[in-house]
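Engineer: Predicted coordinates and the sequence they were generated for:
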Amino acid sequence: MGLVAGVDVGGTFTDICIVDEATGAVVVGKVPTTRNQAEGFVGGLRQLADVAALRFIAHGTTVGTNALLERKGARTGLLATHGFRDLLELGRRTRPAAYGMKGGFQPLVTRDLRAEVKERTDADGNVLIPLDEEEVRRTVAALAGAGVESLAVVFLHSYANAGSEERCRALIEQAAPDLYVSLSHEVLPEIGEFERTSTTVINAYLQPLLSRYLGRVEGELQEAGFRNPFRVMQSNGGVLNAANSARAACRSVLSGPAGGMMAANWISRKLGRNIISADMGGTSFDVGLVMAGEPVLAEQKEIDYGIPSRIPMIDIETIGAGGGSIARVMAGGLLKVGPESAGSIPGPICYGQGGTEPTVADANAVLGRIDIERIRPGAGAEVGNARNAFGHLGQGLSLSPEDAAEATLKVADLLMANAIRSVSLNRGLDPRDFSILAFGGAGPVHACSIAEILEVSSVIVPPWPGVFSAVGCSLAGVRYDDTWSVLKRIEQVSLAEIAGLFTRMEERVFAVLDEEGVSRPEVKLIYEAALQYEGQTHRLMVPLEGPQVEPSRLAALFEKAYRDTFAVDVSGLPVRLVNLRLRAVVESDRQADLVIPVPENGDVASATVGRTRMRFAGAWHEVPVLDRWKISRTAVVAGPARIDQIDTTIVVPPGWSGSVDAMGNIELTHGSARDA
């Protein structure tokens, strides 16, 4: 038992959460992100605790995500089987625009840095053409001479026989020992040449950056006297040590948002509810699902157009809708909100830092939904300038400034509601069966309006929404996933073969977990299989009861999952077993009850700190302003009202009411649901 820390480094702020495991006490903080993120990381920790006394640190980072989106990764080369040099651009023949032959796709590896060597292995692992070792030496020397820092090696069917890739690594170490090397059979040992190539290239592209960054952080921590485990959030919601994280850099692409999802997972388990997480910040809106106490995973995510990653990761949908999203009237007279953002500089008009275009935050300020003077002292006078901007915007729509501001919020709320539909309805799930968990600096401002659009009756605002991803980092445990390609009809597979492959996967998984210092009895193993009907490319991941499963049982599980997902019964068609997957989960012992400072008794008046005006549906309302931390467990806040706390604002619209639950969350409920 001791102090554990979660640190989430974003582009603008570094969020920190420190949990005392003995007492459950929580301390949170928010500091500006520094140019050298490692310095800000450790400096922020020092403001809240003795770094040397911390038992454990978990870190959520956007280094990988930003490098991909901004194309600022390492100079990377690709070594492919002869004839497959251009697979990275050919992909699945998708186009940026549905109509037309032009697009903006930019591969991570330019064609001059993609090379071919003679070698060939078939799908059964038989070597048809031995590796031309002399050609490898010449090619690697040429790529190193061209300034390549990292090299992705992707040979055809290496998941079935990794011999050529392993030999290639040895040759690279001889010819250019300073190169970072990513082998596809280690990054993604499964069928799908394009996805395997793309994922391996992502790993190679990010590995030098992440390795150097984590090295700097570890160095700063060691100087501060820290000697205990330092781990990094992975896209699957678990944590791994810095060495494993750097080696498998593609696994931490969604490191930051995954922290928020694991905090949502904690809330879901404690309340026993299915959760839609709604994380709204300054630039983006991230949404995901937690069902039956586990975040929903995606088998593949496209990080940017044409760059799929096939590493299992939490299924998070991201759109450009945040407090800084800009509102404009398009040529056809339509109001558009985002994805362009004013960012932190110059930012929204109401922040007084030079912004000139109206944003979502400006609309909230004009309508009284947020108090700019409280958020940014001295900027309150800028609300008039924001109103003038909406007056100009409204001229093109024949709307008053206030009506234009309301229209802006309505469009933003509809965009965010559609993002929620995309992760729920597209899976055959009804969002009305979920509670919305609102976090991020702007999430609690918009959550009730989004819920009304979706007819969701319950919104939950956690205790620390503005630093929620850091809370999730502090609560996360070790997780690791492994896959094995099978590629056989179900009748060609035996129970013994399935069990044997799972045994080999267990050996590989435990080799990683041993490096993490995890005790084997702590590990929970989850067995899954990816299957498809023959002739289809889409496959479904099916949970298994254990490593020993009869093939006929496997087919039955798949057919049921297919019917449940697509509402179509095509049982009787040949079924193929594509992959087996093993997930190793070490549940954190830090997910006990945290101590939330909530008064036991008191009415709404005792929590009221002022009054203000807010506008809803064209009408102004005089409303109370409450201090969140003064609202007792017995008080019921009837809307319209505004609840302020240091890291967010909670808007309670007319028809909604809020109360504090046993965990310290504020639950907002719609009146029609209560009456029913």
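Structural biologist: Structure received.

Engineer: For the stretch 151-300 of the chain, just list every one of the helices.
Structural biologist: In the stretch 151-300 of the chain, helices defined by DSSP state H, counting those that start in this stretch lie at 163-175, 184-187, 193-223, 242-247, 255-271, listed in chain order.

Engineer: which residues sit in contact with residue 83?
Structural biologist: Listed by CB atoms under 8 Å, 6 or more residues apart in numbering, the contact partners of residue 83 are residue 116. C-beta here means a position set from N, CA and C on the backbone, and glycine is covered the same way.

Engineer: coming back round to it: buried deepest among the helices of the stretch 151-300 of the chain, which one?
Structural biologist: Most buried of these by mean neighbour count (mean count of other CB atoms under 10 Å) is helix 255-271; its value is a mean of 27.

Engineer: what is the mean pLDDT for it?
Structural biologist: The average pLDDT within helix 255-271 is 91.

Engineer: Next: stretch 144-157.
Structural biologist: Averaged across stretch 144-157, pLDDT comes to 96.

Engineer: now the stretch 451-600 of the chain, which segments are flagged as low pLDDT?
Structural biologist: Residue ranges of the stretch 451-600 of the chain with pLDDT under 70: 589-593.

Engineer: the strands in it, which residues?
Structural biologist: For the stretch 451-600 of the chain, the strands defined by DSSP state E, counting those that start in this stretch occupy 458-461, 479-489, 523-533, 540-543, 575-586.

Engineer: Which is the succeeding secondary structure element to the last one?
Structural biologist: Next along the chain after strand 575-586, taking DSSP states H and E as the criterion, comes helix 604-607.

Engineer: Give the buried residues for that next one.
Structural biologist: 604, 607 (16 or more other CB atoms under 10 Å).

Engineer: Residue most distant from the centroid, the chain?
Structural biologist: Here the chain reaches farthest from its C-alpha mean at residue 134, the gap being 42.9 Å by CA atoms, centre = their mean.

Engineer: Show me this structure divided up by domain.
Structural biologist: What the record gives for the chain is the domain set 73-211, 479-586, from automatic domain parsing.

Engineer: low pLDDT regions in the protein?
Structural biologist: By pLDDT under 70, the low-scoring segments of the chain are 1, 11-12, 94-104, 304-305, 589-593, 672-676.

Engineer: Could you pull up the contacting residues of the most centrally placed residue in it?
Structural biologist: When CA atoms, centre = their mean is applied to the chain, the residue found nearest the centroid is residue 257 (3.3 Å). For residue 257, the contacting residues are 279, 286, 288, 314, 316, 318, 469, by CB under 8 Å, 6+ apart.

Engineer: Residue 210 now?
Structural biologist: The neighbourhood of residue 210, defined by CB under 8 Å, 6+ apart, consists of 61, 63-64, 245-246, 249, 252.

Engineer: still on that earlier bit, what helix or strand is the residue farthest from the centre of the chain located in?
Structural biologist: Residue 134 is part of helix 133-145, with elements assigned from DSSP H and E.

Engineer: what helices or strands is that helix leaning on?
Structural biologist: Counting contacts by 3 or more CB pairs under 8 Å, 6 or more residues apart in numbering; DSSP states H and E, helix 133-145 is packed against strand 76-81, strand 114-117, helix 163-175.

Engineer: repeat that with 7 Å
Structural biologist: strand 114-117, helix 163-175 (3 or more CB pairs under 7 Å, 6 or more residues apart in numbering; DSSP states H and E).

Engineer: Now the ones you listed in JSON lines, please, with extra columns for distance to residue 481.
Structural biologist: Listed next are these as JSON lines, based on distance: least, CB to CB, whole Å:
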{"stretch": "strand 114-117", "distance to residue 481": "28"}
{"stretch": "helix 163-175", "distance to residue 481": "20"}
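
Engineer: Show me the one of these that comes nearest residue 583.
Structural biologist: Taking CB to CB, helix 163-175 is the member of the helices and strands packed on helix 133-145 nearest to residue 583, at 24.7 Å.

Engineer: what separates the closest one from the chain centre, distance-wise?
Structural biologist: Its chain's C-alpha centre and that of helix 163-175 lie 34 Å apart, by CA atoms, centre = their mean, to the nearest Å.

Engineer: Name the surrounding residues that touch that helix.
Structural biologist: Counting by CB atoms under 7 Å, 6 or more residues apart in numbering, helix 163-175 makes contact with 79, 119, 121, 131, 133, 136-137, 140-141, 151, 153, 155, 158, 179, 181, 183-185, all of which sit outside it.
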